[in-house]
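Enquirer: Build me a model from this:
(one chain, ligands or ions: 2)
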Amino acid sequence: MKLSQLKLATPYMDLDSIFFDEVEPTPLKKPFLISVSQDAAKLLGIEDDISLDENLVNIVNGSHKLKGSKTFSMCYAGHQFGYFVPRLGDGRAINLGKVNGQNLQLKGAGLTLYSRQGDGRAVLRSSIREYLMSEAMHGLGIETSRALSLIGSDTDVARSRWEKGAIVLRLSPTWVRFGTFEYFNAIGEHAKLQKLADYVIDESFPYLKGEEGVYLKMYGEIVKNTAKTVAKWQSVGFNHGVMNTDNMSIDGRTIDYGPFAFLDDYDSNYICNHTDVDGRYSFKNQPGIAHWNLQQLAVALSAIVNHDSALEVLESFGDIYEREYLAIMYKKMGLVNSFESDLELFKWMLRALGASPIDYTKFFRLFSRYNGDKTDILELVELQKPMSEWLDAYDKRLEKENLSNENRHKQMLDVNPKYILKNHILQEAIEKAQMHDFSMIEELLTVALSPFEEHSELEYLSKSAPAQSKNLKLSCSS
Ligand code: AMP
Ligand code: MG
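Expert: Numbers count the residues shown, from 1 in each chain. Ligands and ions are numbered 1, 2, ... in the order given. Next comes the predicted model:
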C-alpha cells in the first residue's frame, strides 16, 4: 500500500455542521520534503517507503487530495491559563479524514474559520519541534499524537522576525479535546454534547458501548488515561508548557506540542513556557493541573453525567496517578521487591538530585550501570555530599533485592532513556535546518524512536546542555 492509495473517511463530518467548518488548505510556496517517519506510516498500513511516493509533498502541502478526503477544521472552546475562552477551534489545523483508526491532520496549512488573529501558519522551528517530539514521545512509550511527515517551504511567515512556513502531517486516533465538550456545554447545546459523547465512545472507547452509565464510564476512562499519561511525563521529566483544556486530548494522549521541554538538571519548579509568569504549568504542577482540567471536563459533561458521580470518579485521579508514577520510578531505580520504606528512599533521591544538581536523564542512565562505585555519578555533581549519602542508603536497600547487578542493569537500561530531545540539541538541529541542512533531523528521529539504545555513532545527541542553556524558558510564538 502506498500513501497515495489511501482511501479516507470523514466520520466527524457526519456530526452536525456546528462541530466543524469545511475549509480548503492554502498550500505553501515551493514546498519541499524535510523528513518522513516510516514508523508512523506503519500506523496507516503503509510498508512502502513514503518518501518515494510522488505525491507525498503535495499531500502534506494540501494540494493533492487523497481519495475520500474532505477537509475541515474542528470547533472547540477551552480554559486558557485558567480563563474560559468560549470559542477557539483549529486555527491552523486542517483535517483530511480518517483511515486505519488514525485521523490525518495538517498543521500550518492556512487560515480557517477559527484562526482569530492568527495567520494559520506554523514556522519551521516549531514544526521541527512538533515533528520530532511526537515521534520521541512514542519512542519513550508515552501516548501521543504522531507525525508522518514534515515539509518546508518558501512562504514567509511573520513572527518577531520573518520565518519560513512549514507543515507537519500529524496523526491521532482522536482530535477531540476537553475543550470540544466545553464548547457545547457553554452554548447550552446538550443534544449535540451527547452526540459528541457518542462519537467519542465510538472512536476512543468502543468497549464501553451499550454499558449502563456509559457517559460516566467514559469520564472514568478519561480520568484514568490522563492520570497515567501525566505520570509518564513526570517520570521522564517532560514539561508540556501549555496544559490548557483545549490542548488536552479526550483519550489522554499528549497533543499540541508548543514550548515544551525536558528537564536538564532536576528542578521540580521548572517552568518551560516563557509566557507562564506565575508557573501555572510548571513541571511540578502538571498532575494538579491535569486534575483541574478534568474538573472542568466534569462541569462540561454535567448535562449527561451526574456531577457528584463525576466528582466521585475524579477522586480516583490521585491514586491512579501515584500508583503509575511510583511504579515507573521504582523501576527507574532498579527496585523489584517492594518495601514501605521505598517511598522515603525515592523522595530522598529527588532531594539529592535537586541539591546536587544533576542532569535528570544522564543521572538515571549512569545509575542504570551502578555497581557500588560512585565515581561516575559523583563526577557529574557540584555538591557531592547529598548524592553520596543517598547512594549509601541505596546500597543498603539493594541488599534486600535478589537480582544480580547484571540483571538489574539490564532492566534499568530499558526504562532509563539515553536520548531525550533536549532543547539545546533541538536548537542546534533547528539552526542547521534554517541553513537548509536537515541531517540532524534524521539523526534525532533515529534516536527519538529508539531512545533506550546506545547509538554509539550518535553519542553527541545525548550530551548535557552547557551551563548557560540549562532549563531555559521557551517562547510560545510558533
Ligand atoms: P495553542 O495553545 O498553540 O494550542 O493554540 C491556541 C489556539 O490558537 C488554538 O485554537 C490554535 O489553533 C490557535 N493558533 C495558534 N497559533 C495560530 C496561528 N498562527 N494561526 C491561527 N491560529 C493559531
Ligand atoms: Mg492547541
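
Enquirer: Tell me the spacing between the residue lying farthest from the centre of the chain and Glu389.
Expert: No residue in the chain sits farther from the centre than Glu399, which is 37.6 Å out by Cα atoms, centre = their mean. Distance of Glu399 to Glu389, computed by Cβ to Cβ, to the nearest Å: 17 Å. Quick note: C-beta positions are derived from backbone N, CA and C, even for glycine.

Enquirer: OK, contacts around the residue nearest to His274 when sequence neighbours are not counted?
Expert: The shortest distance from His274 to any non-neighbouring residue, by Cβ to Cβ, 6 or more residues apart in numbering, is to Lys473 (4.1 Å). The neighbourhood of Lys473, defined by Cβ atoms under 8 Å, 6 or more residues apart in numbering, consists of 259, 271-274.

Enquirer: Looking at those, which are in strands?
Expert: The members of those all map outside strands under DSSP state E.

Enquirer: Save those residues as TSV, and put in neighbour count too.
Expert: Output for these, formatted as TSV (neighbours: other Cβ atoms under 10 Å):
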residue	neighbour count
Pro259	24
Ile271	24
Cys272	24
Asn273	24
His274	14
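
Enquirer: Identify, from those residues, the entry nearest to ligand 1.
Expert: The closest of the contacts of Lys473 to ligand 1 turns out to be Pro259 (Cβ to the nearest ligand atom; 9.0 Å).

Enquirer: Was I right to think Met333 contacts Lys347?
Expert: No - counting by Cβ atoms under 8 Å, Lys347 is not a contact partner of Met333; they are 11.7 Å apart.

Enquirer: The two: who's more crowded?
Expert: Neighbour tally, Met333 and Lys347, criterion other Cβ atoms under 10 Å: the higher count belongs to Met333, 22 against 10.

Enquirer: got a list of what the more buried one touches?
Expert: Counting by Cβ under 8 Å, 6+ apart, Met333 makes contact with 345-346, 349, 367, 394, 412.

Enquirer: can you pull the pLDDT of it?
Expert: With respect to pLDDT, Met333 has a value of 98.

Enquirer: Would you mind measuring from it to Asp267?
Expert: Distance, Met333 to Asp267, using Cβ to Cβ: 19 Å.

Enquirer: so Ile142 touches Gln234, yeah?
Expert: No - counting by Cβ under 8 Å, Gln234 is not a contact partner of Ile142; they are 10.8 Å apart.

Enquirer: In terms of helices and strands, where is the closest residue to Thr155 other than its chain neighbours?
Expert: The spatially closest residue to Thr155, leaving aside those adjacent along the chain, is Gly165, at 3.9 Å (Cβ to Cβ, 6+ apart). Using DSSP states H and E, Gly165 maps to strand 162-172.

Enquirer: Now for the contacts of Lys473: which two are most distant?
Expert: Greatest spatial distance in the contacts of Lys473: Pro259 and Ile271, 9.7 Å, computed using Cβ to Cβ.

Enquirer: So which residues on this protein come close to ligand 2?
Expert: Contact residues, the chain versus ligand 2 (Cβ under 5 Å from the ion): 247, 256.

Enquirer: Quickly list the domain ranges of the chain.
Expert: Domain assignment for the chain by automatic domain parsing gives 3-74+90-172, 335-402, 423-465.

Enquirer: Output the ones you listed in TSV; the columns should cover distance to Gly288.
Expert: As requested, the domains of the chain are exported to TSV (distance: least, Cβ to Cβ, whole Å):
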stretch	distance to Gly288
domain 3-74+90-172	19
domain 335-402	17
domain 423-465	24
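
Enquirer: quick one: terminal-to-terminal distance for stretch 150-166?
Expert: Chord length of stretch 150-166, first to last residue, is 7 Å (Cα to Cα, to the nearest Å).

Enquirer: now that stretch, how far from the centre of its chain.
Expert: 23 Å (Cα atoms, centre = their mean, to the nearest Å).

Enquirer: Could you list the residues in contact with stretch 303-315?
Expert: For stretch 303-315, contacts defined as Cβ under 8 Å, 6+ apart pick out 185, 190, 193-194, 197, 215-216, 219-220, 223, 291, 294-295, 298-299, 301-302.

Enquirer: Can you tell me which of these are buried?
Expert: Among the contacts of stretch 303-315, those buried by neighbour count (16 or more other Cβ atoms under 10 Å) are 185, 193, 197, 215-216, 219-220, 223, 291, 294-295, 298, 301.

Enquirer: Tell me which two in those residues are the farthest apart.
Expert: Of all pairs drawn from the buried ones among the contacts of stretch 303-315, the widest gap by Cβ to Cβ lies between Leu193 and His291 and measures 22.0 Å.

Enquirer: which ones are touching Ser249?
Expert: The contact partners of Ser249, by Cβ under 8 Å, 6+ apart, come to 145, 172, 174-177, 255.

Enquirer: 6 Å - rerun?
Expert: Counting by Cβ atoms under 6 Å, 6 or more residues apart in numbering, Ser249 touches Ile255.

Enquirer: Which strand residues bridge it?
Expert: With DSSP bridges as the criterion, Ser249 is bridged to Arg177.

Enquirer: give me the number of residues near Phe364?
Expert: 25.

Enquirer: ditto for Gln384
Expert: Neighbours of Gln384 under the rule other Cβ under 10 Å: 15.

Enquirer: What does the nearest residue to it once chain neighbours are set aside show for phi and psi?
Expert: Closest residue to Gln384 in three dimensions, ignoring its sequence neighbours and counting by Cβ to Cβ, 6+ apart: Leu378, at 4.9 Å. Dihedral pair for Leu378: phi -70, psi -30, per degrees, to the nearest 10.

Enquirer: His79 too?
Expert: The phi/psi pair for His79 (degrees, to the nearest 10) is phi -90, psi 120.

Enquirer: can you count the residues close to it?
Expert: Other residues lying near His79 total 22 when counted by other Cβ under 10 Å.

Enquirer: Distance check, it against ligand 1.
Expert: Taking Cβ to the nearest ligand atom, to the nearest Å as the measure, His79 falls 11 Å from ligand 1.

Enquirer: Check Asn371 too.
Expert: Separation of Asn371 from ligand 1 (Cβ to the nearest ligand atom): 46 Å.

Enquirer: Please, where are all the helices along the stretch 51-200 of the chain?
Expert: Under the criterion DSSP state H, counting those that start in this stretch, the stretch 51-200 of the chain contains helices at 56-60, 124-139, 178-186, 190-204.

Enquirer: contacting residues around the third one?
Expert: Spelled out, that is helix 178-186. Applying Cβ under 6 Å, 6+ apart, the contact partners of helix 178-186 are 76-78, 86, 192-193, 245-246, 248, 293, 297, 300.

Enquirer: between it and helix 190-204, how many degrees?
Expert: Inter-element angle recorded for helix 178-186 and helix 190-204: 160 degrees (by axes from the mean of the first three to the mean of the last three Cα atoms, to 10 degrees).

Enquirer: Start the count at 415 instead of 1 going forward.
Expert: Will do, 415 is the new start, and the previous item becomes helix 592-600.

Enquirer: Of all the residues in helix 592-600, which ones are buried?
Expert: Buried residues in helix 592-600, counted by 16+ other Cβ under 10 Å: 592-599.
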